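In: give me the fold of what follows.
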Amino acid sequence: KKLEINPKVIIVSMLVMFASNSIASSIEPRIYNGESTRTQDWPFMVSLVIKNTTSKFCGGSLIAKSWVLTAGHCVQKITEGDFKILVNASAAYSNDQELIAVERIYRHNQYDQPTRFNNDIALIKLATPSKFQPVEVLAEHSDQDDPGRKTVALGWGVTDYLPALFGITSLDLQQISLPI
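Out: Alright, predicted model coming up:
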C-alpha cells in the first residue's frame, strides 16, 4: 500500500525531542534555551506516549485530522500497539487532551539509524481523527519558508544535558525561535 503525500504542502514544524535514554546518551542536543509555552498556543502538538500511561517518549505535529508527523527515530523500535498519541499535550497535566490509538506507522525508507539522522522522519496514521485543528501549512507560493526567516521549534526535549543522567526533559512544552 503506497502512501501519497501532496508535494505542494510544506510544513514548518521542527520536532525537538530525543526518543529514548539510549539515543540521548549517545548524542548531544542540537537545540536548547527554549522557554515554556501554553497548550492553547500550539494545540496541534502531540506526544507519543507509552500504552496505558501518559509517559511521553517523543513529540510530533498533527498535520491532518488523522496524521501525525514525527521523527523516524521515535518509531524505530516500536509497533503500533505499543503507544498512543496524546493530542493537545503541551502541558503535562492539561484537562483538554485526546488519547488516540495508532493505526499505522510509515517511517522513511532511507532513514539511516540514529547515528546521523538522515531522513529522520515518519508519519503516523491515527485510528480515529482528532477533534483538534492540525497545524497550518504554507501556501504553494509563500515566502514564509525563505532562508533567514524565523520559525518556531517545539518539543519536550532535553533541557539540561547530563550524560550520566541521560538528560533531563521538560514536563512542559518548550518553544524557541530559529532561522530557517
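
In: for residue 73, helix, strand, or coil?
Out: Of the three states, residue 73 takes helix under DSSP: H, G, I helix; E, B strand; the rest coil.

In: isn't it right up against residue 118?
Out: No. Using C-beta atoms under 8 Å, residue 73 makes no contact with residue 118, being 11.1 Å away. Using the backbone N, CA and C atoms, a C-beta is placed for each residue, glycine as well.

In: so between the two, which is more surrounded?
Out: Between residue 73 and residue 118, residue 73 has the larger neighbour count (other C-beta atoms under 10 Å), namely 23 against 12.

In: residue ranges with poor pLDDT in the chain?
Out: 1-32, 39, 89-95, 113-116, 139, 158-169 (pLDDT under 70).

In: leaving out sequence neighbours, find the closest residue to residue 149.
Out: residue 180 (5.1 Å; C-beta to C-beta, 6 or more residues apart in numbering).

In: what about that neighbour, neighbour count?
Out: Neighbour number of residue 180 under other C-beta under 10 Å is 12.

In: all further residue positions should be reported with the first residue as 30.
Out: Done: numbering now begins at 30, and the last item shifts to residue 209.

In: residues contacting it?
Out: Taking C-beta atoms under 8 Å, 6 or more residues apart in numbering, we find residue 209 in contact with 41, 174, 175, 176, 177, 178, 179, 180.

In: element containing residue 83, please.
Out: Under the criterion DSSP states H and E, no helix or strand holds residue 83.

In: count of neighbours near it?
Out: 14.

In: that one contacts residue 115, correct?
Out: Yes. Counting by C-beta under 8 Å, residue 83 does reach residue 115; the two are 6.5 Å apart.

In: identify the farthest-apart pair in the contacts of residue 209.
Out: Taking C-beta to C-beta, the two most distant members of these are 41 and 177; they sit 13.4 Å apart.

In: which one of those two is surrounded by more residues?
Out: Counted by other C-beta under 10 Å, residue 41 and residue 177 do not tie: residue 41 has more neighbours, with 18 against 6.

In: next, show the common contact partners of residue 102 and residue 147.
Out: residue 140.
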